[in-house]
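*Asks:* My questions concern the predicted model and sequence given below.
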Amino acid sequence: MAGRTIVVTSGKGGVGKTTTVANIGTALAKKKHSVVLIDGDIGLRNLDVVMGLENRIVYNLVDIIEGRCRKEQAMIRDRKLGNLCIIPAAQTRDKDSVQPEQMKRLCEELAEEFDYVFIDCPAGIEQGFKNAVAGAQLAIVVTTPEVSAIRDADRVIGLLEASMLRDVHLIVNRLNDRMVKKGDMMSTEDIVALLAIPLLGIVPESEDVVVSTNRGVPLVHDRSSRAGAAFQGIAARLNGEDVPVHNGRELGFRDFFRKLFTGQ
Amino acid sequence: MQKSDHITRMENQEFIPLQIKANREGFVLLPEEAASFQAVFAYLKNRLEHSRDFFRHTKMVLDLRFRVFSIEEIQSIDSLLKESCGAGLVEIKLKEGFSLFTERRERIIVPPPASKDVEGVPLIVRQTCRSGARIVSQSDCLVLGDVNPGAEVIAYGDVVVFGSLRGLAHAGAAGNRHAKIWALSMEPNQLRIADMVAVPPRGSKPVPKRYEVALVRGESIEVVTV
C-alpha cells in the first residue's frame, strides 16, 4: 500500500513547522512506521539541524531532482531510528531550481517505499510553497495564537483549497495555558472557529523546544516533556488512533500515568 | 545596428527576429523592430519546440515597445506559448512605463460580465472567504459562510453575509449610497458603502451573533440591529 504524503505549512515563518515535522516524523518512526522527511526550504535548510544530522549531508534534494544522485544516496538515516530518514534541502541553490511536477513525481516514488512522507514547507506562498504542496495528499497547517500567524494560516488554507488540497488539519503551537485563562491569548476555540478546519492537536509553549532544537534531538525522545507528549498525541491521531485532544493542553506525563493506572 | 540591410539579413540564417532574454521572473520576448510577425512567430515556435522543457511553465513578458503587434497577433503568441509548453504571458510592455498585466490575482471570483444595472443576478459564494480572497459582484453579493480578516467582498449592490463579517465589505461600489451591508455577526476590519469608509470603534468587542445591518445615515455609515 502506498504511504501518505503530508505537507506541513503555515504561511508565516517561525511558528514551528520544522519542529513539528521533526517531532511528528520521529514519533511515527518510533511506532515502527517507515518515515521520510523532506526539507522543502531550499536555500534556508534547517530540518537537518533540528534532527542533528547536518554534518552527514553529502547530496540533497536538488541533486536528486537534477539526477546527480539516486534518492537513496541523499537520504540520511536518523541516529536512533533506522526507519527514519531525511532528505535535506540544498543550501546553495534557490527555490526556483525545483518545479512542482518534479516534486510531485519524487513524492509519488517515495510514497511507494515509505509509510509516511513529510514535506517541510518554507514560509511564504511563493515558488517554494507551490513545490512543497504539489505532491501532498494531506496538509497540516501550523499556527500560533497570534493574529498575524492566524491571518497567514487563513490565507494558506485558502490557497490549499484553491489547489484542490481539501484534507487540511490544524495544529495550534505554543499555546500558553495561563495566558489563555487570563484572557491575554486567543483560545483554541477562537482559532478553530475562525479557520474552520479540523483540529489535529495543541502543543503547549515550552522551553524544552529550544533545548531540543539546539541539541538536535527531537522532543519526542524526551519522555518528560509536555510538548513532546503533545507531538506524540498528534502522531497517534494522524495514525488513526483515537486519542482525545485536551482542551487547552495535551496529555502530560503525569496525566499519562494517571490514565495508565486508573484506566480513565 | 544597420537596419537598412534587414531584408538581406532575413535571408541569412543569422537574422534573429526575436530576442529571448532571461531575467529573474522568467523570459522577456523582444521582437526586432523590423521583423515581420510571421518571422517572429515561426522563430518562437521553433525555439519552443527545441527547448520545450527549458521554457516549461515559465512566465513570459512580451516587450512591444519597439515593434507593435495587433491584438490577434498577441493572442496567437499567447496561445502558442500555452499550447507548446504551458508558459503564459504575464505582462505586455506597450510603452515606457506603461504595461498590461495579464496574470489574474489568485482566487478572484469574477462574476459573468453583467449588465450595467445593479438588478443583475446576485453572486452567491458558497464557501468561507479566506484572507487574500477578493470577490467582486456587479450586482448583490451573498456569502454563505464567514468573511475572514484580509478578505474583500465588493458588490455594486448589497453585501449579505450569512456568517461572521470579519474582513472588508464594500456595498454600492459603483456609488450607490442606498446599498447596505448585512451580516449575522458584524466584526469587520472596515466597512465601505459607495464612497464612504467606516472603521469599527477601537477596542470594542462586538456582541456575538447579532443580526446587523450597516447603512448610510446622513453623512456616515451606521450599524444598526434589526
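*Replies:* Yes, it's here.

*Asks:* Could you use CA atoms for every contact and neighbour count after this?
*Replies:* Fine.

*Asks:* What lies in contact with the helix or strand hosting residue B:84?
*Replies:* Applying DSSP states H and E as the criterion places residue B:84 in helix B:71-85. For helix B:71-85, the external contacting residues (CA atoms under 8 Å, 6 or more residues apart in numbering or on different chains) are B:37, B:41, B:45, B:48-49, B:52-53, B:55-57, B:87-89.

*Asks:* are any of those residues buried, and which?
*Replies:* B:37, B:41, B:45, B:48, B:52, B:55, B:56, B:57, B:87, B:88, B:89 (16 or more other CA atoms under 10 Å in any protein chain shown).

*Asks:* Those residues into JSON lines, with extra columns for pLDDT and secondary structure?
*Replies:* Rendered in JSON lines, the data for these read as follows (pLDDT from 0 to 100; DSSP: H, G, I helix; E, B strand; the rest coil):
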{"residue": "B:37", "pLDDT": "85", "secondary structure": "helix"}
{"residue": "B:41", "pLDDT": "87", "secondary structure": "helix"}
{"residue": "B:45", "pLDDT": "86", "secondary structure": "helix"}
{"residue": "B:48", "pLDDT": "83", "secondary structure": "helix"}
{"residue": "B:52", "pLDDT": "78", "secondary structure": "helix"}
{"residue": "B:55", "pLDDT": "80", "secondary structure": "helix"}
{"residue": "B:56", "pLDDT": "79", "secondary structure": "coil"}
{"residue": "B:57", "pLDDT": "79", "secondary structure": "coil"}
{"residue": "B:87", "pLDDT": "80", "secondary structure": "coil"}
{"residue": "B:88", "pLDDT": "78", "secondary structure": "strand"}
{"residue": "B:89", "pLDDT": "79", "secondary structure": "strand"}
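
*Asks:* mind listing what the residue of chain B at minimum distance from chain A touches?
*Replies:* With CA to the nearest CA as the measure, residue B:131 is the residue of chain B nearest to chain A, at 4.6 Å. The contact partners of residue B:131, by CA under 8 Å, 6+ apart, come to A:151, A:152, A:154, A:155, A:158, B:148, B:149, B:150, B:151.

*Asks:* helix/strand/coil for residue 192?
*Replies:* All of this is about chain A. helix (DSSP: H, G, I helix; E, B strand; the rest coil).

*Asks:* my guess is it contacts residue A:198, does it?
*Replies:* Yes. Under the criterion of CA atoms under 8 Å, residue A:192 is in contact with residue A:198, at a separation of 7.5 Å.

*Asks:* Tell me how many other residues crowd residue 167.
*Replies:* In the absence of a named chain, this looks at chain A. Neighbour count of residue A:167, defined by other CA atoms under 10 Å in any protein chain shown: 15.

*Asks:* Can you look at chain B instead?
*Replies:* Neighbour number of residue B:167 under other CA under 10 Å is 22.

*Asks:* so what pLDDT did residue A:214 get?
*Replies:* In this prediction, residue A:214 carries a pLDDT score of 91.

*Asks:* Once you drop chain neighbours, what's closest to it?
*Replies:* Excluding the flanking residues, the one nearest residue A:214 by CA to CA, 6 or more residues apart in numbering or on different chains is residue A:50, at 7.2 Å.

*Asks:* How about the contacts made by that neighbour?
*Replies:* A:18, A:19, A:22, A:212, A:213, A:214, A:215, A:216, A:217, A:218.

*Asks:* Closest one to chain B out of those residues, please.
*Replies:* Closest to chain B, out of all of the contacts of residue A:50 and judged by CA to the nearest CA, is residue A:18, at 23.7 Å.

*Asks:* wait, what's in contact with residue A:34?
*Replies:* A:28, A:83, A:84, A:114, A:115, A:116.

*Asks:* Which of the residues you listed fall within strands?
*Replies:* Of these, the ones assigned to strands by DSSP state E are A:84, A:116.

*Asks:* filter the contacts of residue A:50 to the buried ones?
*Replies:* Members of these classed as buried by 16+ other CA under 10 Å are A:18, A:19, A:22, A:212, A:213, A:216, A:217, A:218.

*Asks:* In three-state terms, label residue A:24 for me.
*Replies:* At residue A:24 the chain is in helix, as set by three-state DSSP.

*Asks:* now it, nearest residue through space, not along the chain?
*Replies:* Of all residues not flanking residue A:24 in the chain, residue A:235 sits nearest, at 5.3 Å (CA to CA, 6+ apart).

*Asks:* Test my guess that the one you found contacts residue A:21.
*Replies:* No. At 10.2 Å, residue A:235 does not count as touching residue A:21 under the criterion of CA under 8 Å.

*Asks:* neighbour count winner among the two?
*Replies:* Neighbours per residue, other CA under 10 Å: of residue A:235 and residue A:21, the larger number sits with residue A:21, 28 against 23.

*Asks:* can I have the host helix or strand of the more buried one written out in PDB, keeping just the CAs?
*Replies:* If you go by DSSP H and E, residue A:21 is part of helix A:17-30. This file holds the C-alpha atoms of helix A:17-30, laid out as PDB (Å, rounded to 0.1, in the frame of the first residue of the first chain):
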ATOM      1  CA  LYS A  17       6.800  24.000  11.000                       C
ATOM      2  CA  THR A  18      10.300  22.300  11.100                       C
ATOM      3  CA  THR A  19       9.900  21.400  14.800                       C
ATOM      4  CA  THR A  20       6.500  19.800  14.000                       C
ATOM      5  CA  VAL A  21       7.900  17.800  11.100                       C
ATOM      6  CA  ALA A  22      10.800  16.600  13.100                       C
ATOM      7  CA  ASN A  23       8.700  15.600  16.100                       C
ATOM      8  CA  ILE A  24       5.700  14.000  14.300                       C
ATOM      9  CA  GLY A  25       8.100  12.200  12.000                       C
ATOM     10  CA  THR A  26      10.200  10.800  14.800                       C
ATOM     11  CA  ALA A  27       7.100   9.900  16.800                       C
ATOM     12  CA  LEU A  28       5.700   7.900  13.900                       C
ATOM     13  CA  ALA A  29       9.000   6.300  13.300                       C
ATOM     14  CA  LYS A  30       9.000   5.200  17.000                       C
END
